[in-house]
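Asks: quick one, what's the 3D model for this:
(one chain, ligands or ions: 2)
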Amino acid sequence: MMSKSQGIKAIDSISVHRITSGQVVIDLQTAVKELLENSIDAGATSIEVRFKNYGLTSIEVVDNGSGIAEEDYESIALKHHTSKLETFTDLTTIRTFGFRGEALSSLCALTEELTVCTATSTTAPMGTNLVMHSSGKVKEKNTAARTRGTTIILTKLFAPLPVRRKEFERNAKREFGKALTLLNAYALVPCAAPPGIRLTVSNQPEKGPKSIQIRTLGSPSCRDSVTSLWGPKALENIVDIDLEFEVEKEKSTLKRWQSLDTEPVTVRVNGLISKFVMGCGRTGTDRQFFFINGRPCNMSKVQKVFNEVYRSFNTNQAPFILADFIIPTESYDVNVSPDKRTILLHSEGNLVSALKVNTCSFLRMMR
Ligand code: ADP
Ligand code: MG
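Replies: Ligands and ions are numbered 1, 2, ... in the order given. This is a model prediction of the structure:
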């Protein structure tokens, strides 16, 4: 029997924009991450992140990057408009943080107001202030004084999603803490990709003085960035990680590789780790940072290997770890989740096994 029509209709475009944007920018930390990544992609060497009232009132990111050219103003916040990727195959060689062209478009839909103030080397000391419409179109355009670079200000994050806004208001300090942890990972990125970036992160609470939360000096040295974040004591009992090993391509994943070449892949791991001797580690896993070619990401299986191997030497502690995996861009896929924190490694099983063996002998050598 034919059932009665359910009345399937298209969702109006404003609602679709809000629904999909809510998946790209899930919380405070993803909002800030997207802005910071844009600044790094623009070649900035100095970036300032200013939170007002833990991000509840506004978030401002100021950089000295390339700036945005006038002909791009209309498309900066249009969905899937990007200056970083043209075709799908470019994804296998992507080096920039962004490529989906979704962040600014999503942020426009999820904030009370988003403004962009930008100048390029040809327009500076004059720039342009753009007030964006929630659809991503330019609402207002005025000239403004601006040295080369871009400032993005967004006010009242999640105001158009009342339930999420309430949640954010209730947990503002916790959300702010999570954003700072993620910003720490980005403060360490220059270690993987010199020259360093000067990063300053501050918060202006509703009452009381402004506080500086993070200040790095822009040194390409990993150790300098660690000192800037946590003081010189944080470097005590820390050794350099310098590993290189081969990973066999897994047969089952061969079709994921762009080439049919079955040669093993060379993986290098650079970074820092606590000595495994008792007293040198940490009580928790709060200072463990993983990168793939300088891109901060979640690597739960890799993290587990490091912790397991470390515990076989030091039963009660977890190490401080900063590990950057230098691997060919075609050996992983960053386009797994809109926030790009999850990365699909094409031969993860083999990589994890090889890492286990190598970490074990490396830590033994450090005895
Ligand atoms: P994506 O980073 O994936 O390209 P976004 O929505 O984050 O998408 O940004 C859209 C475009 O706006 C970028 O491709 C870039 O050209 C430009 N843009 C955004 N932020 C900046 C910035 N801080 N400096 C220079 N250009 C920027
Ligand atoms: Mg981006």
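Asks: flag the shaky bits of the stretch 151-300 of the chain, pLDDT-wise.
Replies: 190-195, 255-260 (pLDDT under 70).
Asks: can you show me the helices along it?
Replies: 162-170, 172-192, 222-230, 300-313 (DSSP state H, counting those that start in this stretch).
Asks: a markdown table please, covering the ones you listed and showing mean neighbour count and distance to ligand 2.
Replies: Yep, even glycine has a C-beta here, placed from its N, CA and C like the rest. Output for the helices of the stretch 151-300 of the chain, formatted as a markdown table (neighbours: other Cβ atoms under 10 Å; distance: least, Cβ to the ion, whole Å):
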| stretch | mean neighbour count | distance to ligand 2 |
| --- | --- | --- |
| helix 162-170 | 13 | 21 |
| helix 172-192 | 20 | 13 |
| helix 222-230 | 19 | 23 |
| helix 300-313 | 17 | 24 |
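Asks: relative to ligand 1, which of the ones you listed is closest?
Replies: helix 172-192 (13.8 Å; Cβ to the nearest ligand atom).
Asks: any part of that closest one near ligand 1?
Replies: No. Applying Cβ under 6 Å from any ligand atom, one finds helix 172-192 separated from ligand 1 by no less than 13.8 Å.
Asks: now do that helix and helix 222-230, the angle between them.
Replies: If you take axes from the mean of the first three to the mean of the last three Cα atoms, to 10 degrees, helix 172-192 sits at 160 degrees to helix 222-230.
Asks: burial of whichever residue of the stretch 151-300 of the chain sits closest to ligand 1, as a residue count?
Replies: The nearest approach of the stretch 151-300 of the chain to ligand 1 comes at Ile152, 6.3 Å away (Cβ to the nearest ligand atom). Neighbours of Ile152 under the rule other Cβ atoms under 10 Å: 24.
Asks: quick one, what contacts Ala354?
Replies: Phe245, Glu246, Val247, Val267 (Cβ atoms under 8 Å, 6 or more residues apart in numbering).
Asks: buried subset of the residues you listed, written for ChimeraX?
Replies: Buried residues within those, by 16 or more other Cβ atoms under 10 Å, are selected in ChimeraX with:
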select :245,247,267
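Asks: just put the contacts of Ala354 in TSV and tack on distance to Ser361.
Replies: Compiled in TSV, those are given as follows (distance: Cβ to Cβ, whole Å):
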residue	distance to Ser361
Phe245	10
Glu246	15
Val247	16
Val267	15
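Asks: the contacts of Ala354 in strands, which ones?
Replies: With DSSP state E as the criterion, strands contain Phe245, Glu246, Val247, Val267 from among the contacts of Ala354.
Asks: my read: the first one touches Thr359, true?
Replies: Yep, that's Phe245 we're talking about. No. Look at Phe245 against Thr359 with Cβ atoms under 8 Å: they stay out of range, at 9.9 Å.
Asks: what pLDDT does the residue of the stretch 101-250 of the chain found nearest ligand 2 get?
Replies: Here the stretch 101-250 of the chain gets closest to ligand 2 at one residue, Ala103, 4.1 Å apart by Cβ to the ion. What the model reports for Ala103 is a pLDDT of 93.
Asks: what helix or strand is the closest residue to it other than its chain neighbours located in?
Replies: Distances taken as Cβ to Cβ, 6 or more residues apart in numbering place Glu34 nearest to Ala103, at 3.7 Å, with adjacent residues excluded. Here Glu34 sits within helix 28-41, counting by DSSP states H and E.
Asks: and that helix, what's its mean pLDDT?
Replies: pLDDT averaged over helix 28-41 gives 95.
Asks: what's it packed up against?
Replies: strand 46-52, strand 58-63, helix 103-110, strand 149-155, helix 172-192 (3 or more Cβ pairs under 8 Å, 6 or more residues apart in numbering; DSSP states H and E).
Asks: let's see that with 7 Å instead.
Replies: Judged by 3 or more Cβ pairs under 7 Å, 6 or more residues apart in numbering; DSSP states H and E, helix 28-41 is in contact with strand 46-52, strand 58-63, helix 103-110, helix 172-192.
Asks: so what's the gap between the third one and the chain middle?
Replies: It refers to helix 103-110. 17 Å (Cα atoms, centre = their mean, to the nearest Å).
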